[in-house]
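A.B. asks: what follows is a predicted structure for the sequence shown.
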Amino acid sequence: MIDAASTLEVLRDGEIQLVGRLIGSTNHAMLARVTRICPPPDPPQTIEAVYKPTAGERPLDDFPDGTLARREVRLIDHGGSPGALVTYGEGLGGIAVVQSATEQGKPGGLAPKGLPLPKISINGASGEELDTALGTVLRFERGGVTYTLLGSVPPAAAEAAGRAL
């Protein structure tokens, strides 16, 4: 695994190769392999990333047309593990998504132990949701990745964003 600074260099300077479309994605998201050629004797650095083109975008109700592909992405330290913070939208209608590797054997629920939350299904992945007057938080795991979505949006908007990942 490469560090955050090197990851940013690969994403900024590397050559993008589209591997294929992510089936189930509502906005033509594609798996991309990004390779940065390093000076000898270092080997090339390659990472996989998600590419969301503007062409073919089907906007969500809460986001202006043509804006889903142009939101902020940051690499973060998520409890000692690398992760990504992706923001969609702006202000009170925005949604933040934290993506990190699922830690095997570590409980990943939203609520303190013993406090049950409503269960949800996002494209077949089970998770849980906290709906409050201020907004919605939902968490689910799929393919070794834990997704946590937060926003001052109703549950339907958070769930729609989760299905689009």
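C.D. replies: Great, that's in hand. Bear in mind that the values here come from a model prediction, so they are computed numbers and not experimental data.
A.B. asks: partner residues bridging Ser121?
C.D. replies: For Ser121, the beta-bridge partners under DSSP bridges are Ser126.
A.B. asks: any idea how many residues pack against it?
C.D. replies: When counting by other CB atoms under 10 Å, one arrives at 12 neighbours for Ser121. Bear in mind the C-beta positions are built from the backbone N, C-alpha and C, glycine included.
A.B. asks: domains in the chain, by residue range?
C.D. replies: 4-51, 73-164 (automatic domain parsing).
A.B. asks: which of the ones you listed is buried the deepest?
C.D. replies: Neighbour counts averaged per stretch over those are highest for domain 73-164, at a mean of 15; criterion: mean count of other CB atoms under 10 Å.
A.B. asks: quick one: mean pLDDT for that one?
C.D. replies: The pLDDT scores in domain 73-164 average 80.
A.B. asks: the chain should start at 369 in everything you say after this.
C.D. replies: Sure thing, new numbering starts at 369, so read that last one as domain 441-532.
A.B. asks: what ranges do the helices span in this structure?
C.D. replies: Across the chain, reading from the start of the chain, the helices by DSSP state H fall at 372-381, 523-532.
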